[in-house]
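Engineer: I'd like to go over a predicted model; first the sequence, then the structure.
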Amino acid sequence: MIIHSKKFVPYLLEADIQQAIQTIAQQINQTYTGKPLYILGVLNGAFRLVADLVRYLDLPAEVGFVRASSYQGTDTTGEVQLMPLPTEMAGKHVLIVEDIIDTGLTLERLLGEIQKMQVLSCEIVALLSKPSKLRVPVQVKYIGFEIPDHFVVGYGLDYDGLGREMNDIYQIANA
Ligand code: IMP
């Protein structure tokens, strides 16, 4: 698989990704029954994860999105751009849904903003996490896979805009 003249090889298959999401959804179902739940997807990367996660939920949940960006090519810029947060989150239990946690800077910034709102609680769901790249401590309650520090694309994740539509996740070759 070649994207912008870089070679990518298969890494996580669709079935394994879906299995991990179902496991997370079961835990959410148990924890949030009877509680007002707001699912906050972080765009662009989490659009597929949010769509699949809610298919496996059997409780009512509000869904909204925030847009954040920090990456250029295959590297973080260290600066997080964030659009205004949905005010409907106030008075609810918030689950932030992220595609991947790399430096943790996006989540640190987001958590700072959410703390200013009157939410009942706030936890994080991430499909992928690269623990060796964390620059700030972030407590992630629900993680699909912990992965090494390799650039990955597919299932919502992009390399300079491309690759989000792929159902499997690929990693950069010769990583
Ligand atoms: P953080 O703020 O450094 O934790 O970065 C999180 C964001 O960086 C993710 O939501 C992705 O958009 C992007 N990102 C981090 N690692 C990768 C990767 O391996 N592939 C594609 N995007 C990535």
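Structural biologist: Good, I have the coordinates. If you're wondering where the values come from, they're calculated on a predicted model, not measured in any experiment.

Engineer: list the buried residues in the longest strand belonging to the chain.
Structural biologist: The single longest strand within the chain, with elements called by DSSP state E, is strand 62-72. Across strand 62-72, burial judged by 16 or more other CB atoms under 10 Å covers Val63, Phe65, Val66, Ala68, Ser69, Ser70, Tyr71. To be clear about C-beta, it is placed using only N, CA and C from the backbone, and glycine gets the same treatment.

Engineer: then stretch 33-44?
Structural biologist: Judged by neighbour count using 16+ other CB under 10 Å, the buried positions of stretch 33-44 are Leu37, Tyr38, Ile39, Leu40, Gly41, Val42, Asn44.

Engineer: next one: stretch 16-30
Structural biologist: Ile17, Ala20, Ile21, Ile24, Ala25, Ile28.

Engineer: for the third one, what are its contacts?
Structural biologist: Remark: with contacts taken as CB atoms under 8 Å, 6 or more residues apart in numbering, Ile21 is in contact with Leu49, Asp52, Leu53, Tyr56, Leu127, Gly144.

Engineer: show the subsequent helix or strand relative to the helix or strand that contains it.
Structural biologist: With elements delineated by DSSP states H and E, Ile21 resides in helix 14-32, which encompasses its position. The first helix or strand that comes after helix 14-32 along the chain, using DSSP H and E, is strand 37-43.

Engineer: C-terminal to that next one, what's the next element?
Structural biologist: Using DSSP H and E, the helix or strand that follows strand 37-43 towards the C-terminus is helix 47-55.

Engineer: using PDB, write out every CA atom in that following helix.
Structural biologist: Included here for helix 47-55 are C-alpha records, laid out as PDB according to Å, rounded to 0.1, in the frame of the first residue of the first chain:
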ATOM      1  CA  PHE A  47     -15.300   9.600  13.100                       C
ATOM      2  CA  ARG A  48     -15.200   5.800  12.400                       C
ATOM      3  CA  LEU A  49     -14.600   4.800  15.900                       C
ATOM      4  CA  VAL A  50     -17.500   6.800  17.200                       C
ATOM      5  CA  ALA A  51     -19.800   5.400  14.500                       C
ATOM      6  CA  ASP A  52     -18.800   1.800  15.300                       C
ATOM      7  CA  LEU A  53     -18.800   2.300  19.100                       C
ATOM      8  CA  VAL A  54     -22.400   3.500  19.300                       C
ATOM      9  CA  ARG A  55     -23.600   0.500  17.200                       C
END
